[in-house]
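**Student:** Sharing a sequence plus its predicted fold:
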Amino acid sequence: MKNIFTLLFTILSFSASIGQNNPLIINSTISLPKDSLETKKLITSLNNLLIAKEKPNEENTLVWNKENVETYILLDEINGIEKSGKFKDDYFYRPFLTNVVKLSETEYYTQLSYIGVNENNPILRGSFELIAHKEKDGFKFSSTLTRNSSSWKIKKIGNCTFHYKNTINNKTAVNYEKAVKAFDKKLNATNQQTEIYFGGDFPELLKMIGVEYKSDYNGRETSTFNSKAENRLLIVQGSRDANFDDFDLHDLWHERLKNVVSSKIINKPIDEGCAYFYGGSWGISWNDIFNTFKLKVANDKQKNWLEDYGKFANFGESKEKHLMAEYVINALIVQKIEKEKGVAGVIEFVSCGKYQKDNENYFKALEKLTGITKNNFNESVWVLINNEK
């Protein structure tokens with residue numbers, strides 16, 4: 001209890017005096033390395049890491065290279081952590097060093113917390129764990145993923161490596177590897193190495209990668225995180241499927257596309273159309289999605305698809321298992337483009353830029369690849385619908 005009050009006092013004392021580019025605040029109760037030079041190097045390296053985390057991961061020279069992709073997944077969670085939209089302050093949350101434990105002659109376990117103060121009330125934004133690795137001129141840092149899964153079993157099939165605690169569904173793993181290979185071939189992504197860790201649920205996922213707490217995730221039960229470095233893709237699942245009894249082709253398409261195309265330029269409605277066509281949705285096949293679309297949406301022969309595009313009306317069985325007409329339309333267009341231009345045309349189409357309400361980037365790419373314009377969009381979509389079998 002004394003340590004808690006000491007930390008709160010430290011927070012309140014520092015909160016008024018720290019400006020932008022604030023250094024790491026050190027809790028006075030923690031035990032630092034006895035060697036003062038080593039302590040100085042550790043603190044300096046940590047401060048440099050907290051600055052470098054805002055750069056693209058590949059440019060961060062404070063990452064321990066032996067576990068770079070494992071660390072990127074954690075850095076993505078710490079990136080921008082100081083900002084508060086509510087309080088309109090880019091440096092509202094301050095970094096506190098809350099624990100240092102010597103693991104070996106070359107490694108330290110460290111804990112950081114980002115805390116802000118409003119009206120003398122401390123607000124915890126997030127707490128994170130990192131492993132500091134001693135090098136000649138300082139320290140480099142890694143996530144705790146490898147450490148936390150050191151007793152797990154490993155199974156390798158083709159270019160896929162599966163990390164699991166007890167058992168794994170071998171049939172699912174084999175089918176997954178085949179689907180990965182097929183999608184990667186379609187996307188012309190050769191020699192992509194995929195590693196998957198199967199956590200039981202979302203809290204376990206967070207703990208595995210070194211996130212003790214993050215306010216964004218209050219109440220969340222399941223999720224999947226990933227990161228990429230060169231030809232290595234890392235996936236950490238917390239989806240209550242620790243034995244890997246199932247996977248979704250729809251989600252796998254998204255995953256493999258992002259392995260090739262930056263998410264910054266992917267058009268979501270087109271990407272969803274691809275996922276419908278190549279993998280269905282919610283376990284529903286593309287054929288069944290299209291038949292439901294014809295029955296529930298395309299039964300109105302007076303419908304104007306240009307006027308409706310962007311309304312995102314749900315024709316699925318529930319809000320959770322939603323289906324969107326825009327995605328079906330794009331699935332039909334993707335099918336046409338692949339037949340006429342090949343997969344390269346599909347990649348060009350899906351890479352036309354983020355969704356915009358005016359859809360200017362969408363129609364520019366659409367006209368280039370298919371000749372379909374705003375003027376003939378409605379007519380062209382009806383032709384695609386009527387020709388689909």
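**Tutor:** Arrived safely. This is a predicted model, so every value here is computed, not measured.

**Student:** hey, let's count contacts and neighbours off CA atoms from now on
**Tutor:** Fine.

**Student:** Do you have the helices of the stretch 1-150 of the chain handy? List them.
**Tutor:** Taking DSSP state H, counting those that start in this stretch as the test, the helices found in the stretch 1-150 of the chain are 2-15, 36-52, 68-78, 145-148.

**Student:** tell me the pLDDT at residue 30?
**Tutor:** We have a pLDDT of 89 for residue 30.

**Student:** The nearest residue to it once chain neighbours are set aside: neighbouring residues, count only.
**Tutor:** The shortest distance from residue 30 to any non-neighbouring residue, by C-alpha to C-alpha, 6 or more residues apart in numbering, is to residue 99 (5.7 Å). The number of residues packed near residue 99 is 18, by other C-alpha atoms under 10 Å.

**Student:** Show me where the chain has its strands.
**Tutor:** Along the chain, the stretches classed as strands by DSSP state E are 25-26, 94-102, 107-118, 121-135, 138-142, 153-157, 160-164, 193-199, 211-214, 223-229, 232-238.

**Student:** just checking, what packs against the fifth one?
**Tutor:** In terms of contact count using 3 or more C-alpha pairs under 8 Å, 6 or more residues apart in numbering; DSSP states H and E, strand 138-142 is assigned the packing partners helix 36-52, helix 68-78, strand 121-135.

**Student:** Show me the one of the ones you listed that comes nearest residue 351.
**Tutor:** Proximity to residue 351 (C-alpha to C-alpha) singles out helix 68-78 among the helices and strands packed on strand 138-142, at 22.6 Å.

**Student:** Show me the one of the helices and strands packed on strand 138-142 that comes nearest residue 297.
**Tutor:** Per C-alpha to C-alpha, nearest to residue 297 of the helices and strands packed on strand 138-142: helix 68-78, 40.0 Å.

**Student:** Dump that closest one to PDB, restricted to CA.
**Tutor:** The C-alpha trace of helix 68-78 is given here as PDB (Å, rounded to 0.1, in the frame of the first residue of the first chain):
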ATOM      1  CA  ASN A  68      12.100  -7.700 -34.300                       C
ATOM      2  CA  VAL A  69       8.700  -8.800 -35.600                       C
ATOM      3  CA  GLU A  70       7.700 -10.100 -32.100                       C
ATOM      4  CA  THR A  71       8.600  -6.600 -30.700                       C
ATOM      5  CA  TYR A  72       6.800  -4.700 -33.500                       C
ATOM      6  CA  ILE A  73       3.500  -6.100 -32.400                       C
ATOM      7  CA  LEU A  74       4.100  -4.600 -28.900                       C
ATOM      8  CA  LEU A  75       5.400  -1.200 -30.300                       C
ATOM      9  CA  ASP A  76       2.200  -0.900 -32.300                       C
ATOM     10  CA  GLU A  77       0.300  -0.900 -29.000                       C
ATOM     11  CA  ILE A  78       2.500   1.800 -27.400                       C
END
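
**Student:** Between strand 107-118 and it, find me the angle.
**Tutor:** 10 degrees (axes from the mean of the first three to the mean of the last three C-alpha atoms, to 10 degrees).

**Student:** Just give the closest residue to residue 327, not the sequence neighbours.
**Tutor:** residue 273 (4.3 Å).
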